[in-house]
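Peer 1: Output the structure for:
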Amino acid sequence: MKFILKRTVSGLVALVLFTFLMFFLIEVLLPGDYATPFRLSMTGDEIAAFRETLGLDRPLPVRYWFWLRNLLTSGLGQTTFRGAGFDLKSVIPPTVLVFVLGLGMAFMLGSWLGRLTGWRRGWKSDGVTLLGIATYTLFPPFLGFLTVRFVGNPMRDLRNLLVDDPRGNLWLGAPVTEQEVMWTMTATIAVVAVLYAVIGSAVARRRNLRMLSLPAFVVIAAVSYGWWVYRNIDPYAVDILFNASAAILAFLLLSYGEFMLVMQTSMASVIHDDYILVARAKGISDRQVRDRHAARNALLPLLSRFAVSLPYLLTGLVIIERAVGWQGLGSFLFRAVDAQDMPVVLDTLVVIGVITLVVRLVMEVLTAVLDPRIRVQVESGAP
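Peer 2: Okay, here's the model as predicted:
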């Protein structure tokens, strides 16, 4: 508990400093303000009065204080001057859904490929590594274009064929909103994945099963879909998955390469350790040595790297959403920048910062649970 409290407080302080820095950088680097787009249709006096009404003529510290006060009292998206069409809360579920699905599959795929390629090198391993590097370093907008061209459009046609609803009337008269379904989908997948990790790890130890593999994905997907059927949201969930397929795949391809390379390096570094040699001397099979001994220790650096890479991953997701046309935080952020609505830009950055803070906290707690050295350090009160 002390560890969680300490990490939460430090994360909140970092978030406040981040918003403070971003506010001044945006005001200094971006030319003009929210009143600038209206200068062609308004006189100089009207522009001055408009800026005074919006408080844009006040000093930067005062404007930052007003924005922070409005954020805490009115909530996200309430500081915008544009009004209709700029609803920040409605675009959070699409981003969270793509983030959870894409990153979860990328983590499973990357750790599995890294475990295989790091344990036994060869031309096949080198080919898989080269492919991972290529997707990891690919320009995100170009990656989004490829996924829309070769995945998004065919999946949309397949959706119209299977759902038999080419005009998109599925949501007309629906008892739930699209955002509610996305929140339910995200929560279901997260809970099922956690339960699988907790319960499945205990079963895997006794029966020598593999955790990060295709069966894990099948189990999580099947249980999640069963819950959606129970909640009577399965047709809406399937429709959302078809529409989000291009964004999820692009984010997966952008993310899994880093996980694979880190896992590959970690596996290569522990392959000659003493406990591996002892396990082999006992006559344990090569697969069990790899999965039950080497992979568990190699997983710790992967989790640490996961926490460090979150800002980069979220940045890539924002760009991908814009590239594939997925109406999430990325598209919303670019629209706010085009309108020069700085309060909304800052609100969006706060949401991205909170997502980073929460996921990083979860990863740090999970690393502390898995690594006894971190637990001892926390209990002793060391920084």
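
Peer 1: per-domain residue ranges of this protein.
Peer 2: 2-74, 88-338 (automatic domain parsing).

Peer 1: pLDDT on the first one, on average?
Peer 2: If I follow you right, that is domain 2-74. The average pLDDT within domain 2-74 is 73.

Peer 1: Could you do stretch 362-372 as well?
Peer 2: 71.

Peer 1: ok so, going back, so which of the domains of the chain comes closest to Leu361?
Peer 2: domain 2-74 (5.5 Å; Cβ to Cβ). (Glycine included, C-beta is placed from N, CA and C.)

Peer 1: So what's the gap between the closest one and the chain middle?
Peer 2: 26 Å (Cα atoms, centre = their mean, to the nearest Å).

Peer 1: cool, and stretch 240-251?
Peer 2: On Cα atoms, centre = their mean, the centre of stretch 240-251 falls 13 Å from that of its chain.

Peer 1: nearest to Gly353, of the domains of the chain?
Peer 2: domain 2-74 (4.9 Å).

Peer 1: export the domains of the chain to JSON lines and tack on distance to Thr356 and mean neighbour count?
Peer 2: Converted to JSON lines, the domains of the chain look like this (distance: least, Cβ to Cβ, whole Å; neighbours: other Cβ atoms under 10 Å):
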{"stretch": "domain 2-74", "distance to Thr356": "9", "mean neighbour count": "13"}
{"stretch": "domain 88-338", "distance to Thr356": "5", "mean neighbour count": "18"}
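
Peer 1: need the ones you listed in JSON lines with distance to Ala368, can you?
Peer 2: Converted to JSON lines, the domains of the chain look like this (distance: least, Cβ to Cβ, whole Å):
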{"stretch": "domain 2-74", "distance to Ala368": "6"}
{"stretch": "domain 88-338", "distance to Ala368": "10"}
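
Peer 1: hey, least reliable of the ones you listed by pLDDT?
Peer 2: domain 2-74 (a mean of 73).

Peer 1: where exactly do the helices run in the stretch 51-200 of the chain?
Peer 2: For the stretch 51-200 of the chain, helices defined by DSSP state H, counting those that start in this stretch occupy the ranges 60-74, 88-119, 123-136, 140-147, 153-163, 178-207.

Peer 1: For Thr367, which non-adjacent residue is closest in space?
Peer 2: Leu303 (4.8 Å; Cβ to Cβ, 6 or more residues apart in numbering).

Peer 1: Backbone dihedrals for that neighbour, please?
Peer 2: For Leu303, the backbone dihedrals (degrees, to the nearest 10) come out as phi -60, psi -40.

Peer 1: Go ahead and confirm it touches Leu366.
Peer 2: Yes. Leu303 is within contact range of Leu366, at 6.1 Å (criterion: Cβ atoms under 8 Å).

Peer 1: Out of the domains of the chain, which gets nearest to Val358?
Peer 2: domain 2-74 (8.6 Å).

Peer 1: ok, now how distant is Ser269 from Leu300?
Peer 2: 11 Å (Cβ to Cβ, to the nearest Å).

Peer 1: which residues does the residue nearest the centre of the chain contact?
Peer 2: Centroid-nearest residue in the chain: Phe99, 3.2 Å away (criterion: Cα atoms, centre = their mean). Contact analysis of Phe99 by Cβ atoms under 8 Å, 6 or more residues apart in numbering lists Phe251, Leu314, Leu317, Ile355.
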